[in-house]
Structures are given as structure tokens and as C-alpha cells.
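Chemist: no sequence on this one, just coordinates:
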């Protein structure tokens, strides 16, 4: 039985909706696990654009991709996800993956922030093709607090239902502020 940690669950749901062989964005590359997942989704014909503001994240991701012979599938960019619109055209992306919070094993003072995260999601929605999917792994409590979670959820609630389908899941019987997997499909 799968444990369905938030990333495992989000990968499964993303795989169900996203077009295989497409162009994807990893908005928060971290240690490269999601970038590697997206490279696998990209297959022979697709590509991945991955963002992070920390050199440590870029180096960890580069090493993970090289180890798995996927380095040619991804463009790793040392820049904030809030600037993804500078690197991709409107309506050109098949899927976008966000894993909010901080770099596991890194400095927790470098964490995603409510205002820039919402702006990055907003830009990402512009970049998505019709039928494209966005996955968001949203955390709260501990080092990240609740502001980012609450701000993102409020933004998602306000999205036009004629343009976007928003699905939230929950770990209903888990204690201590479990993460929230969210998915947006552009209609």
C-alpha cells in the first residue's frame, strides 16, 4: 500500500490530468524530486523549466537529474517562481508543480511567502494551456506559519469557476496541521 505522502499523492493526481510528453514548470525545485518526476512525465518530446532562489537547490537538483540521466530534459533557473512569466509564453505550459515551504535540509528562513506565492500561482495560470493542470502542495504550522496557506486558499476560492476547476484534498484524520494538496485545471 502506498503511504500517500503529499508529494506521492500530488504526483499521482498530476499524472492523471497532465498530458504526457508536454512542457512543465517546477516552480519550486528544492532537492529535485519534483523536477525528476516532471522530467519523467516529459518523456522524449517534452521539457521542464525549474525554478529556485537557492544555489543549494539548483546544485541538488542538477545532481539528482545527472544521476538519473535526465539533465538534458530540464532547464534549471536560479530565479524566483514569481518571475516564471519571463521564461515561458502565455498558454504554452501543460503542467505546473508547486511545493511550498522551505528547502528540506536547508535554511528555514528561506521559505516561500504568501504574497509572492500567490503572484506566482496567478502567473502560472496565465502560462497554462487549456486543459493544463497545476498542483500545489501547501503546508502550514511549524516554521511556515499559516499566512501563506490562508492566503493561497483564499486566492483559489476566488478563481472564476468558468475558467478553472479547483480541487482541494485533505488528510482528514491527521493531526498537527497536515499539508493540503490542491489542484487546478484550466478550462
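Modeler: Nice, thanks for sending it over. Since this is a predicted model, take the numbers as computed values, not measurements. Numbers count the residues shown, from 1 in each chain.
Chemist: Flag the shaky bits of the chain, pLDDT-wise.
Modeler: 1, 102-112, 141-145 (pLDDT under 70).
Chemist: Helices of this structure, residue ranges please.
Modeler: 6-17, 33-42, 55-67, 114-127, 147-157 (DSSP state H).
Chemist: closest one to residue 172 among these?
Modeler: helix 6-17 (13.0 Å; CB to CB). Backbone N, C-alpha and C define where each C-beta goes, glycine included.
Chemist: Would you check how far apart residue 116 and residue 185 are?
Modeler: 23 Å (CB to CB, to the nearest Å).
Chemist: State the distance from residue 45 to residue 160.
Modeler: 32 Å.
Chemist: Nearest the middle, which residue of the chain would you pick?
Modeler: residue 98 (1.7 Å; CA atoms, centre = their mean).
Chemist: For it, give me its contacts.
Modeler: 27-28, 81, 117, 120-121, 124, 134-137 (CB atoms under 8 Å, 6 or more residues apart in numbering).
Chemist: Mind naming the longest strand for this structure?
Modeler: strand 128-138 (DSSP state E).
Chemist: how close does residue 52 get to residue 29?
Modeler: 4 Å.
Chemist: neighbours of the residue nearest to residue 157 when sequence neighbours are not counted, just the number please.
Modeler: Nearest non-adjacent residue to residue 157, counting by CB to CB, 6 or more residues apart in numbering: residue 166, 7.7 Å away. For residue 166, the tally of surrounding residues (other CB atoms under 10 Å) stands at 17.
Chemist: My guess is residue 166 contacts residue 182. True?
Modeler: Yes: with contact defined as CB atoms under 8 Å, residue 166 reaches residue 182; the gap is 6.9 Å.
Chemist: so what sits against both of those two?
Modeler: With CB under 8 Å, 6+ apart as the test, residue 166 and residue 182 both reach residue 156.
Chemist: Tell me who's in contact with the closest residue to residue 51 other than its chain neighbours.
Modeler: Nearest non-adjacent residue to residue 51, counting by CB to CB, 6+ apart: residue 81, 4.8 Å away. When contacts are counted by CB under 8 Å, 6+ apart, residue 81 touches 27-28, 51, 98, 112, 116-117, 120, 124.
Chemist: repeat that with 6 Å
Modeler: 27, 51, 120 (CB atoms under 6 Å, 6 or more residues apart in numbering).
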